[in-house]
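# everything below, folded, please.
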Amino acid sequence: MSIWIGIDVAKATLAVHVHPEGRFLSLPNSPEGYDQLLAYVAGRPVGNVLLEATGGYERPVMRALADAGLPVTRINPRRARAFAQALGKTAKTDPIDAALLARMGELVVAERMHPSAQQEELRALVQRREQLVQQRDDDRRRLKQATHERVRTCLAEHILWLRGQIRAIGKDIARLQQQVDDDLARRLMAVPGIGPVTAASLQAYLPELGHLDRREIAALAGLAPYNADSGKKEGKRRIRGGRGPIRRVLYMACWCVIRLQPDFQARYRRLRDQGKCAKVAITACMRVLLIRLNAMARDKTEWRSPAW
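Sure, this is the predicted structure:
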């Protein structure tokens, strides 16, 4: 009989519940704890291991379990809390949360793939570059407003240092892209409107690119419109959920694609002429762009622009 495992992750500990046998384990959040958990489930059919996103504390245990061939799924904590409320569970302790996650794991379809160690490293580098760019832009704004000479000198020197760090980390990202999937990186950067930064972000934040169908990839990025109908009422279609970072990347990239590619330009203009607001029109273009990039990655083909 299959078992389902829920893990409530903290900085130093793992609260583990095994369903349906009701066994609770308290393990350290360390390689020793991962080995103990793997030894406990060795040779037993595991339906799913469910845990919440906890700001990065869950990543090592996810990597250890995935490398061991176990199905692992990470969910938004809000989904777990909504599941608990639906069951009428108001108390909140680590053992209770782990038990709820194990029960929920029986209902949730396990993720089909997980980022490799190199993809995780690429994600960390891309995130760090974004942080450095944000600091540079913040200091640029401060420099425009600063009046004290010493403050201006300090900001200017810091901006120069940040520029050097951004260039250096950009080189590290380019090298790692070649190790992760050099062919995909090359084909992504061949798309008019997509440069090295966008290509690296797609590889970092969307390792599933090319491995899902068009509906799944759009839903994963939060670009799939959902119904809100009830009875005779036909509600407004809205996008919701998904990965915010990849949506932000696609938003900026799509404006460049619209400017450079006539078919996207025509699609955007047609939607605007139909009375759609700019946000709805650009979201529709983002969805089409992502679906085409996914097909290109799946089929290992080059980008094709319609003849005009």
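
# for the longest helix along the chain, packing partners?
When the chain is scanned for its longest helix (criterion: DSSP state H), the result is helix 149-189. Under the contact definition 3 or more Cβ pairs under 8 Å, 6 or more residues apart in numbering; DSSP states H and E, helix 149-189 sits against helix 117-145, helix 196-205, helix 278-299. Backbone N, C-alpha and C define where each C-beta goes, glycine included.

# in TSV, list those along with distance to N227 and mean neighbour count.
Converted to TSV, the helices and strands packed on helix 149-189 look like this (distance: least, Cβ to Cβ, whole Å; neighbours: other Cβ atoms under 10 Å):
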stretch	distance to N227	mean neighbour count
helix 117-145	32	16
helix 196-205	27	23
helix 278-299	16	19
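
# and the residue in the chain sticking out farthest from the centre, how far from W161?
Most distant residue from the mean C-alpha position of the chain: E149, 42.4 Å away (Cα atoms, centre = their mean). E149 is 19 Å from W161, where distance means Cβ to Cβ, to the nearest Å.

# then L223?
37 Å.

# got the helices and strands packed on helix 149-189 as a markdown table, with distance to R175 columns?
Listed next are the helices and strands packed on helix 149-189 as a markdown table, based on distance: least, Cβ to Cβ, whole Å:
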| stretch | distance to R175 |
| --- | --- |
| helix 117-145 | 10 |
| helix 196-205 | 11 |
| helix 278-299 | 21 |
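
# turn these into a markdown table, columns for distance to G43 and mean pLDDT.
Listed next are those as a markdown table, based on distance: least, Cβ to Cβ, whole Å; pLDDT from 0 to 100:
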| stretch | distance to G43 | mean pLDDT |
| --- | --- | --- |
| helix 117-145 | 26 | 95 |
| helix 196-205 | 35 | 93 |
| helix 278-299 | 35 | 94 |
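
# quick check: which of the ones you listed is nearest to R243?
Nearest of the helices and strands packed on helix 149-189 to R243, taken as Cβ to Cβ: helix 196-205 at 6.1 Å.

# for L25, see how far away M1 is.
With Cβ to Cβ as the criterion, M1 and L25 are 19 Å apart.

# higher neighbour count, those two?
Between M1 and L25, counted using other Cβ atoms under 10 Å, the more crowded position is L25 (17 against 7).

# give me the three-state assignment for the more buried one.
Three-state call for L25 (DSSP: H, G, I helix; E, B strand; the rest coil): strand.

# quick check: bridge partners of it?
V16 (DSSP bridges).

# ok, it touching L38?
No - L25 is beyond contact range of L38, at 11.9 Å (criterion: Cβ atoms under 8 Å).

# ok, the nearest residue to M1 once chain neighbours are set aside - contacts?
Counting by Cβ to Cβ, 6 or more residues apart in numbering, P45 is the residue found nearest to M1 once chain neighbours are left out, at 7.4 Å. Neighbouring residues of P45 by Cβ atoms under 8 Å, 6 or more residues apart in numbering: M1, S2, I3.

# for Q265, same thing?
By Cβ under 8 Å, 6+ apart, the neighbours of Q265 are I258, R259.

# check C277 too.
Taking Cβ under 8 Å, 6+ apart, one finds nothing in contact with C277.

# ok, it to A174 distance?
37 Å.

# just to revisit the earlier point, could you check how far the residue nearest to M1 is from S2?
P45 is 5 Å from S2, by Cβ to Cβ.
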